[in-house]
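sequence plus predicted model, see below.
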Amino acid sequence: MALLQLISTHQPCLNLNSAAVTASLCPNSNFPSNSPPFLHFCNNQRRRGRANSLRCSSSSSSSEKSHTSQPRPDDVVELPLFPLPLVLFPGAILPLQIFEFRYRIMMHTLLESDLRFGVIYSDPATGTAEVGCVGEIVKHERLADDRFFLICKGQERFRVAKVVRTKPYLVAGVRWLEDRPSGEEDVEALASEVEAYMKDVIRLSNRLNGKPEKKEAQDLRRNLFPTPFSFFVGSTFEGAPREQQALLELEDTAARLKREKETLRNTLNYLTAASAVKDVFPSA
């Protein structure tokens, strides 16, 4: 059931001709821990994503150092890229199962070096986007057959500046991406409005599905500042990756929150109408 119409946005594409490989994707779990089962956006089924091959680039800095030194937007650094049919946001959790041979090689190198790689959205219709998010391996398990189970957490965003090489893995030179100041916009007020819409959407969604209202839904921000909260909201739109990619690419927190508010408002209007129909025709 289509709950709302999302605006399709054109995504700039990279011209990648390397052979595709497959990774099995586990259900996505996002921050905070009470991430809502959000309408049709949340897809809790196991999915498979096709990805272009990528080359792991060893970094001279350790994972610990990467947290203590702030990246500068003008820096160009080499980063192995993992094109996937999903969008990773800063702060979000991404479980992965790695079983394809080239990706297992990549994992061996990552686990001995920086633990970080770039997750970038790719699909047959739009190609591979230019903006992605760093995924840092926070937990891993190596199985007897050399497959890997990974838990990755989204870190900073990046924009691809150049393709360094495509074989045996895709490696790109990237620049870090940060939100610009939102000027006179009251981002705190916008974040509160978005949270209010989310609460209403969750409440009506639960009502339509015969689920009891959960207390956790009353505190969605969990003291998050507006920018990380805007990323959390975007991460809940899991069934609409093109819209998620458009949100990820925005470099203005206020603009991102406004777009999310409009999406939530459209969703709320639909649910309100559906709830009214259910009240009139309970058996429908």
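The structure has been received and is ready for your questions. Numbers count the residues shown, from 1 in each chain.

any idea whether residue 114 is helix, strand or coil?
Residue 114 carries the three-state label coil when classified by DSSP: H, G, I helix; E, B strand; the rest coil.

any idea how far residue 148 is from it?
Distance of residue 114 to residue 148, computed by CB to CB, to the nearest Å: 16 Å. C-beta coordinates here come from the backbone N, C-alpha and C atoms, glycine included.

cool, residue 175 as well?
Separation of residue 175 from residue 148 (CB to CB) stands at 29 Å.

neighbour count winner among the two?
More neighbours surround residue 148 than the other of residue 175 and residue 148, with 21 against 18 (other CB atoms under 10 Å).

how far away is the more buried one from residue 268?
According to CB to CB, residue 148 stands 41 Å off from residue 268.

what segments of the stretch 51-200 of the chain are helices?
Assigned by DSSP state H, counting those that start in this stretch, the stretch 51-200 of the chain shows helices spanning 63-68, 101-111, 187-208.

biggest helix in the chain by residues?
In the chain, assigned by DSSP state H, the helix with the most residues is helix 253-280.

mind listing what's buried in that helix?
Neighbour-count burial for helix 253-280 flags 253-261, 263-265, 267-268, 270-271, 274 (criterion: 16 or more other CB atoms under 10 Å).

over to stretch 177-194?
177, 179, 182, 185, 187, 190, 191, 193, 194.

then stretch 163-178?
In terms of neighbour count (16+ other CB under 10 Å), stretch 163-178 has its buried residues at 164, 166, 169, 170, 171, 172, 173, 174, 175, 176, 177.

reformat the residues you listed as JSON lines; add pLDDT.
Below are those laid out as JSON lines (pLDDT from 0 to 100):
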{"residue": "164", "pLDDT": "94"}
{"residue": "166", "pLDDT": "84"}
{"residue": "169", "pLDDT": "79"}
{"residue": "170", "pLDDT": "84"}
{"residue": "171", "pLDDT": "89"}
{"residue": "172", "pLDDT": "95"}
{"residue": "173", "pLDDT": "97"}
{"residue": "174", "pLDDT": "98"}
{"residue": "175", "pLDDT": "97"}
{"residue": "176", "pLDDT": "97"}
{"residue": "177", "pLDDT": "97"}
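
and the nearest residue to residue 152 once chain neighbours are set aside, how many neighbours?
Leaving out its chain neighbours, the residue that sits closest to residue 152 by CB to CB, 6 or more residues apart in numbering is residue 135, at 3.9 Å. Here the number of neighbours of residue 135 (other CB under 10 Å) works out to 26.

run through the residues that contact residue 135.
The neighbours of residue 135, taking CB atoms under 8 Å, 6 or more residues apart in numbering as the test, are 82, 88, 94, 116, 117, 118, 119, 152, 153, 154, 155.

nearest spatial neighbour of the last one, skipping sequence neighbours?
In this structure, residue 155 finds its nearest non-sequential neighbour in residue 134, 4.1 Å apart by CB to CB, 6+ apart.

show me what the one you found is bridged to.
residue 118 (DSSP bridges).

measure it to residue 276 for me?
Residue 134 is 44 Å from residue 276, where distance means CB to CB.

now residue 74
As judged by CB to CB, residue 74 and residue 276 stand 53 Å apart.

so residue 128 touches residue 82, yeah?
No: using CB atoms under 8 Å, residue 128 is not in contact with residue 82, being 10.7 Å away.
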